[in-house]
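Participant: Have a look at this fold, sequence not included:
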């Protein structure tokens with residue numbers, strides 16, 4: 001088993017501005033994480049999610065199920 005943590009230890013202590021995204025299965029910027037959060041919580045109109053849905057061949061419910069397992073969803077700044 002790997003010693004690499006899938007997420008930074010604490011949301012508010014992530015100084016790199018990068019997050020491991022369970023949905024995309026890669027490190028993403030805090031801005032992209034925020035966009036995904038805003039679109040999934042209907043704060044902004046869906047834009048980025050359209051491309052992700054097509055790439056991953058998933059619907060919104062499937063994507064949200066994955067995001068619900070993420071410590072950054074919904075993203076909270078303290």
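Facilitator: Okay, I see it. Not measured: the values here are computed from a predicted model.
Participant: Which positions in stretch 60-71 come out as buried?
Facilitator: Of the residues in stretch 60-71, those scored as buried under the neighbour-count criterion (16 or more other Cβ atoms under 10 Å) are 63, 66, 67, 70. The C-beta positions use only the backbone N, C-alpha and C, and glycine is treated the same way.
Participant: Which two of these have the greatest separation?
Facilitator: 63 and 70 (11.0 Å; Cβ to Cβ).
Participant: so what's in contact with the two at the same time?
Facilitator: Taking Cβ atoms under 8 Å, 6 or more residues apart in numbering as the contact rule, residue 63 and residue 70 both touch residue 23.
Participant: What ranges does the protein have for its strands?
Facilitator: Listed from the start of the chain, the chain has strands (DSSP state E) covering 18-21, 26-29.
Participant: picking up where we left off before, which of the buried residues of stretch 60-71 lies closest to residue 56?
Facilitator: Proximity to residue 56 was ranked across these by Cβ to Cβ; first place goes to residue 63, at 7.3 Å.
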